[in-house]
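Enquirer: Just the structure for this:
(one chain, ligands or ions: 1)
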Amino acid sequence: MTSPTSLSRRRGRSALLRDVAGRMVWLLAALLPASSSAGAAGGEVEVLHFWTSGSEAGAVAELKASLHRKGHVWKNFTVANGGGGLAMVMLASRVNSGNPPTAAQIKGAAIQEWAQRGGLSSIDEVANADQWNTLLPRSVSDTMKYRGRYVAAPLNVHRVNWLWIDAAALKKINARPPTSWDEFFAVAEAMKQAGIIPVAHSSQSWLDMGTFESVAIGVGGVEFYQRAFVQLDPAALNSALMVRTLATYRRIKHYSSSQSSGQDWVASTAMLTHGKAGMLLMGDWAKAEMQAAGKRPGSDILCVAMPGTAHAFTFDIDALAMFQVNDKNRQAQRDLAHAVMDKDFQLAFNLAKGSIPVRQDVSLEKFDDCARRASADFKTSARRGTLLPSLAHGMAQPAHTVARMWDVINQYWRNDRITPEQAAAQLAAAARQP
Ligand code: GAL
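Expert: Reported below is the predicted structural model:
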């Protein structure tokens, strides 16, 4: 039965999404040239993505509105799975059958892989006209290019290494946000004693890896992360530090919500939002769901870096990679690339998505404290060399390597008979396979 509270929460959430959507449609209308009347030589834009939660769908609806206004037809190719593992399988099957979409939500190393296969199309014309080189940090623009030419358009920057804490739960146990894993387990234990489920857990393997890679920073440091997950150095992957990382990671399980539920990230985020758990280890896409449910990030729900990672920023950049299309749809693809990097769109999309704009010239005045902290930490980390590509989100390694490593960590989490030593050896083996 639907309770009045959940009904009003849902109403609040849809009102907010409508509000955000309305604002974004207005902004897009303002930025599109007057000549873009609907129906004029329109093409079709088919976009593969995995943005299916309420907040995600609200954000992506704006691209659709933008393309409609240009007279193009928008076709959603949606694969509900979060993290994008299944979406990549579906994409491969469409490309292999000679029928690629116009664009697909692809990240990091996978952009290069698709380009190497010869499947992507250059959008340099738009990128040069709109001066992307001056608007994007070099570390981002490089990953959007193949052989010096843009083949993908970036939408945002998500920070992966966030810990979200219900302020009321923390107050109840009279504690401070933890800054090390020892402090984290002390807070978790106190919550447990107070009858609060300490950690809302989701059983999706990409999320397990997102937490695990952050534990590696907290336990072994930035250099260890780089050696293990960026360089795939077997001596770091199968090391005493990795064994300690695995042992620390497993301790989280004792404080996590039930494993049998098979719940996804939206459901575990809702546990925190609805006061059913005290903490959540997840990137800031979760924040958009919290906001949509009427919570204020930074006060109702606190955002702190995952324990021991305050000096680092693990990033996850969403981008739309452009596939080869026929002449009829070429202009529609260009319009899509232009819309993605438009300044007002970046503002509106990221407000709805929980991330920060990838364009460096967007004012953060309208953003919450957590986004402002993310932006400041992004800049500081870039300066200090502690900006780290998230392994879990395909920013550091090709998709097939990431999938194998996801699997090792997921099996380890689920099966207590696998020892940390065995899992460390498995990680090294998974990274070694071609
Ligand atoms: C991430 C993606 C985010 C968000 C999240 C959950 O991989 O970069 O945009 O969608 O998955 O679906």
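Enquirer: Residue ranges in the protein under the pLDDT threshold?
Expert: Confidence mapping of the chain against pLDDT under 70 gives the ranges 1-41, 82-83, 259-261.
Enquirer: Break it into its domains for me.
Expert: For the chain, automatic domain parsing gives the domain ranges 4-158+317-367, 159-315+378-432.
Enquirer: can you redo those as a markdown table with distance to the ligand and mean neighbour count?
Expert: All C-beta atoms are positioned from the backbone trio N, CA, C, and that covers glycine. A markdown table is the format used below for the domains of the chain (distance: least, Cβ to the nearest ligand atom, whole Å; neighbours: other Cβ atoms under 10 Å):
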| stretch | distance to the ligand | mean neighbour count |
| --- | --- | --- |
| domain 4-158+317-367 | 4 | 19 |
| domain 159-315+378-432 | 4 | 20 |
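Enquirer: ok, residue 247 touching residue 418?
Expert: No. Using Cβ atoms under 8 Å, residue 247 is not in contact with residue 418, being 11.8 Å away.
Enquirer: the strands in the stretch 301-434 of the chain, which residues?
Expert: Remark: strands assigned in the stretch 301-434 of the chain by DSSP state E, counting those that start in this stretch are 301-305, 313-316, 319-322, 356-357, 387-389.
Enquirer: which residues are contacting the second one?
Expert: The reference is to strand 313-316. With Cβ atoms under 8 Å, 6 or more residues apart in numbering as the test, strand 313-316 has contacts from 107, 157-161, 210, 213-214, 217, 283, 374, 377-378, 381, 386-390, 392-393, 395.
Enquirer: Nearest to residue 221, out of the strands of the stretch 301-434 of the chain?
Expert: strand 387-389 (11.0 Å; Cβ to Cβ).
Enquirer: Export the strands of the stretch 301-434 of the chain as CSV, with columns for distance to residue 410.
Expert: Formatted as CSV, the strands of the stretch 301-434 of the chain follow (distance: least, Cβ to Cβ, whole Å):
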stretch, distance to residue 410
strand 301-305, 24
strand 313-316, 18
strand 319-322, 25
strand 356-357, 29
strand 387-389, 20
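Enquirer: Can you say which of those strands is nearest to residue 277?
Expert: Comparing these by Cβ to Cβ, strand 301-305 comes nearest, at 11.3 Å.
Enquirer: And the closest one, what does it pack against?
Expert: strand 162-166, helix 167-172, helix 285-292, helix 369-384 (3 or more Cβ pairs under 8 Å, 6 or more residues apart in numbering; DSSP states H and E).
Enquirer: Dump that strand to PDB, restricted to CA.
Expert: C-alpha atoms of strand 301-305 as PDB (Å, rounded to 0.1, in the frame of the first residue of the first chain):
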ATOM      1  CA  ILE A 301      22.900  14.100   4.200                       C
ATOM      2  CA  LEU A 302      26.600  14.900   4.700                       C
ATOM      3  CA  CYS A 303      29.100  14.300   1.900                       C
ATOM      4  CA  VAL A 304      32.700  13.500   2.800                       C
ATOM      5  CA  ALA A 305      35.500  11.800   0.900                       C
END
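Enquirer: contacting residues around it?
Expert: Applying Cβ under 8 Å, 6+ apart, the contact partners of strand 301-305 are 161-167, 170, 177-179, 272-273, 284, 287, 290, 295, 297, 310, 312, 369-370, 373, 377.
Enquirer: so what's residue 308 closest to, chain neighbours aside?
Expert: In space, residue 308 comes closest to residue 218 once its chain neighbours are excluded; the distance is 2.7 Å by Cβ to Cβ, 6 or more residues apart in numbering.
Enquirer: Now do the same contact list for the one you found.
Expert: The contact partners of residue 218, by Cβ under 8 Å, 6+ apart, come to 180, 181, 248, 306, 307, 308, 309.
Enquirer: can you redo these as a markdown table with distance to residue 88?
Expert: Output for the contacts of residue 218, formatted as a markdown table (distance: Cβ to Cβ, whole Å):
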| residue | distance to residue 88 |
| --- | --- |
| 180 | 35 |
| 181 | 32 |
| 248 | 30 |
| 306 | 26 |
| 307 | 31 |
| 308 | 31 |
| 309 | 27 |
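Enquirer: Hmm, residue 175 is touching residue 190, no?
Expert: Yes. If you go by Cβ under 8 Å, residue 175 and residue 190 touch, sitting 6.0 Å apart.
Enquirer: Now for residue 136: which residues touch it?
Expert: Contacts for residue 136 (Cβ under 8 Å, 6+ apart) come out as 144, 154, 358, 359, 360.
Enquirer: Mind checking which of those residues land in helices?
Expert: Assignment to helices by DSSP state H places none of the contacts of residue 136 there.
Enquirer: which two from those end up farthest apart in space?
Expert: The farthest-apart pair in these, when distances are taken by Cβ to Cβ, is 144 and 360, at 14.3 Å.
Enquirer: Now the terminal residues of stretch 95-105, how far apart.
Expert: In stretch 95-105, first residue to last residue: 14 Å (Cα to Cα, to the nearest Å).
Enquirer: Quick one: distance of it to the chain centre.
Expert: Computed by Cα atoms, centre = their mean, to the nearest Å, the chain-centroid distance of stretch 95-105 equals 22 Å.
Enquirer: repeat for stretch 123-135
Expert: Centroid separation between stretch 123-135 and its chain, computed with Cα atoms, centre = their mean, is 24 Å.
Enquirer: and what of stretch 290-308?
Expert: 16 Å.
Enquirer: Next, the distance between the ends of it.
Expert: 24 Å.
Enquirer: Over to stretch 230-243?
Expert: 18 Å.
Enquirer: Which stretches in the stretch 1-150 of the chain count as helices?
Expert: With helices called from DSSP state H, counting those that start in this stretch, the stretch 1-150 of the chain shows them at 4-31, 54-69, 85-96, 108-116, 124-129, 132-135, 138-141.
Enquirer: which helices and strands does the third one pack with?
Expert: Taking 3+ Cβ pairs under 8 Å, 6+ apart as the contact definition, the neighbouring helices and strands of helix 85-96 are strand 44-49, strand 103-105, helix 399-414.
Enquirer: In its sheet, which strands sit next to the second one, and in what direction?
Expert: Taking DSSP bridges as the criterion, strand 103-105 pairs within the sheet with strand 44-49 (parallel), strand 319-322 (antiparallel).
Enquirer: looking at the ones you listed, which is closest to residue 201?
Expert: The closest of the strands paired with strand 103-105 to residue 201 is strand 44-49. By Cβ to Cβ, the value is 25.2 Å.
Enquirer: send the alpha carbons of the closest one over as CSV?
Expert: C-alpha atoms of strand 44-49 as CSV (Å, rounded to 0.1, in the frame of the first residue of the first chain):
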residue,chain,number,x,y,z
GLU,A,44,17.3,11.0,-36.5
VAL,A,45,19.4,10.7,-33.4
GLU,A,46,19.5,7.3,-31.6
VAL,A,47,21.4,7.5,-28.3
LEU,A,48,22.3,4.5,-26.3
HIS,A,49,22.5,5.2,-22.6
